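Colleague: Provided below are the primary sequence and the corresponding predicted coordinates.
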Amino acid sequence: MKTLFVIVLSSLIMNLQTSAQDQSGQVLPFREIPEYPASYTPETVAARMVDGLGYRYYWATEGLREDDLSYKPSEDGRTTLQTVEHIYGLSKTIVNSVQNIANTPSSDSLAFAELRKRTLENIKKASEILKAAGPGSMENYKVIFQRGDNRSEFPFWNMLNGPMEDAVYHTGQVVAFRRASGNPMPLGVRVLTGKTAE
């Protein structure tokens, strides 16, 4: 009986470690939310909001099946995969804004695993930049869109109420869609603490 317990426990631990990795074996960020910064500044508060998005997105997209990705709530609605693609685009806008890089039209065609990985990496990079930024940095960040010769710029305020909140909103849609397609989010996700009871 003791041997069986050890085998089951070992198998469970290996499965948990595997689920935190992408197909290449790389550990993906936001399985848990990082420790919070030592002080409250505009930059660290914004970083914490980004971390919250990363944690929610990680678990909303963990273990999605082909059936889940093709699910859509109505004939004219987006599929789960199309929603994930949209979140990826928003993650690029978020990380570009903290680097003052213009967002230009692109048509990345990526498989789900790569979309998920790149989205999480973008979110992590944005968080790290914000945490390392000095006081007053956010006043210099711009949300920039470049379409040919047309360029529009918005202050970082628009990032907070625009792409950042939109990404959280659509992550919630992924959670609802996967529940509707018969694959609810894994149990134990605790957004208040940023830890997941396994």
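Modeller: Good, I have the coordinates.
Colleague: from residue 62, how far off is the closest residue to residue 65 other than its chain neighbours?
Modeller: Excluding its sequence neighbours, the residue lying closest to residue 65 (Cβ to Cβ, 6 or more residues apart in numbering) is residue 183, at 5.9 Å. For every residue, glycine as well, the C-beta is placed using N, CA and C. Residue 183 is 10 Å from residue 62, where distance means Cβ to Cβ, to the nearest Å.
Colleague: which SS class is the residue nearest to residue 65?
Modeller: Three-state call for residue 183 (DSSP: H, G, I helix; E, B strand; the rest coil): coil.
Colleague: run a quick check on it versus residue 67, I expect a contact.
Modeller: Yes - in this structure residue 183 lies within contact range of residue 67 using Cβ atoms under 8 Å: 7.4 Å.
Colleague: where do the helices sit along the chain?
Modeller: With DSSP state H as the criterion, the chain has helices at 2-19, 42-61, 66-70, 80-97, 112-132, 156-159, 165-180.
Colleague: so what does the second one touch, helix or strand wise?
Modeller: I take that to be helix 42-61. Counting contacts by 3 or more Cβ pairs under 8 Å, 6 or more residues apart in numbering; DSSP states H and E, helix 42-61 packs against helix 80-97, helix 112-132, helix 165-180.
Colleague: contacts for the second one next, please.
Modeller: Translated: helix 112-132. Residues outside helix 112-132 that contact it (Cβ atoms under 8 Å, 6 or more residues apart in numbering): 22-23, 26, 28-30, 34, 37, 43-44, 46-47, 50-51, 53-54, 57-58, 61, 64, 69, 81, 84-85, 87-88, 91-92, 94-95, 97-99, 110, 137-138.
Colleague: more neighbours: residue 183 and residue 67, which one.
Modeller: Neighbours were counted for residue 183 and for residue 67 using other Cβ atoms under 10 Å; residue 183 has more, 16 against 12.
Colleague: per-residue pLDDT, that one?
Modeller: At residue 183, the pLDDT value in this model is 97.
Colleague: quick one: contacts for it?
Modeller: Residue 183 makes contacts with 63-65, 67-68, as judged by Cβ under 8 Å, 6+ apart.
Colleague: mind running it again at 7 Å?
Modeller: If you count contacts by Cβ atoms under 7 Å, 6 or more residues apart in numbering, residue 183 has them with 63, 65, 68.
Colleague: so where's this protein uncertain?
Modeller: 1-25 (pLDDT under 70).
Colleague: re earlier: indicate which one of the helices and strands packed on helix 42-61 is closest to residue 142.
Modeller: For residue 142, the closest of the helices and strands packed on helix 42-61 is helix 80-97, at 6.7 Å, according to Cβ to Cβ.
Colleague: quick one on the thing from earlier: most neighbours of all the contacts of residue 183, which one?
Modeller: Neighbour max across the contacts of residue 183 (other Cβ under 10 Å) = residue 68, 22 neighbours.
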